[in-house]
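Asks: Predicted model follows, preceded by the sequence.
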Amino acid sequence: MANSSAAPIMLELVDEDGTTIGTAEKLSAHVAPGRLHRAFSVFLFDEEGRLLLQRRALGKYHSPGVWSNTCCGHPYPGEPPFAAAARRVGEELGVAPSLLREAGTVRYNHPDPASGLVEQEFNHLFVGLLREEPRPDPAEISETAFVTWDELEKRHAVDTFSTWFMTVLDAARPAIRTVTGGAGSW
């Protein structure tokens, strides 16, 4: 639970090339029309090539209760995206990723109709393996599921997913295929 007297969380604002141009408070960067900022998305797979999905905690102010990729977030100003991704996997899932590797970047602008907030992000993508049982922080994650590609397609057709999920998944897919060895039709 966030402490109301805590210092505000700051994000790096970037230009269209991903060059840092300043900082902004986290919530203000997401207020429509949104300000382009640095983010990251992580996709972790088990030894059978199944993707770990998370359902965001209901108490989150942004996109609560929706399914999304393994982990996502924002580096602190000056924090390398790779370090931020590894840090947040530990904070949210209580584990360390194995063989975490960069999988490119994607830029998008996704309004969230439920909250009115906007994801205007220059997103660094990471893929890797998970060799430990996740221990999710209930303040961050309400549920997890390992899914095959076919199971993901079925779940995506009936469940609510984050507005950014398919954009980041599609952008990471070439790197996902190398990590999973082509298992699961990713």
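Replies: Looks like it arrived, so ask away.
Asks: Helices of this protein, residue ranges please.
Replies: Taking DSSP state H, the helices of the chain run over residues 26-30, 81-93, 149-158, 165-180.
Asks: What are the contacting residues of the shortest one?
Replies: By Cβ atoms under 8 Å, 6 or more residues apart in numbering, the list of residues contacting helix 26-30 from outside reads 8-11, 13, 35, 37, 61-62, 74, 117-120. Every residue, glycine included, has its C-beta placed from N, CA and C.
Asks: Selecting buried members of those residues in PyMOL, what would you type?
Replies: The following PyMOL line selects those of the contacts of helix 26-30 that are buried, judged by 16 or more other Cβ atoms under 10 Å:
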select buried, resi 10+11+13+35+37+62+74+117+118+119+120
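Asks: Report the central residue of this protein.
Replies: Centroid-nearest residue in the chain: residue 72, 2.0 Å away (criterion: Cα atoms, centre = their mean).
Asks: Report the contact partners of it.
Replies: 39-42, 88, 123, 162, 164, 168.
Asks: What of residue 136?
Replies: Neighbours of residue 136 in contact, by Cβ under 8 Å, 6+ apart: 54, 92-94, 143-144.
Asks: So for residue 1, what's the pLDDT?
Replies: If you check residue 1, the pLDDT there is 46.
Asks: Then residue 179?
Replies: 83.
Asks: Bridging across strands, which residues link to the nearest residue to it once chain neighbours are set aside?
Replies: Of all residues not flanking residue 179 in the chain, residue 127 sits nearest, at 4.7 Å (Cβ to Cβ, 6 or more residues apart in numbering). Residue 127 has these beta-bridge partners by DSSP bridges: residue 43, residue 101.
Asks: where's residue 127 relative to residue 28, distance?
Replies: When distance is defined by Cβ to Cβ, to the nearest Å, residue 127 is 31 Å away from residue 28.
Asks: ok, now residue 181?
Replies: For residue 181, the distance to residue 28 - Cβ to Cβ - is 43 Å.
Asks: just checking, residue 127 touches residue 174?
Replies: No: using Cβ atoms under 8 Å, residue 127 is not in contact with residue 174; the gap is 9.6 Å.
Asks: Between those two, which is the more surrounded one?
Replies: Between residue 127 and residue 174, counted using other Cβ atoms under 10 Å, residue 127 has the larger neighbour count: 29 against 12.
Asks: residue contacts, that one?
Replies: Residue 127 is in contact with 42-45, 100-101, 103, 172, 175-176, 178-179, counting by Cβ under 8 Å, 6+ apart.
Asks: Check residue 122 too.
Replies: By Cβ under 8 Å, 6+ apart, residue 122 lies in contact with 14, 16, 18, 36-39, 105, 107.
Asks: Alright, calling it a day.
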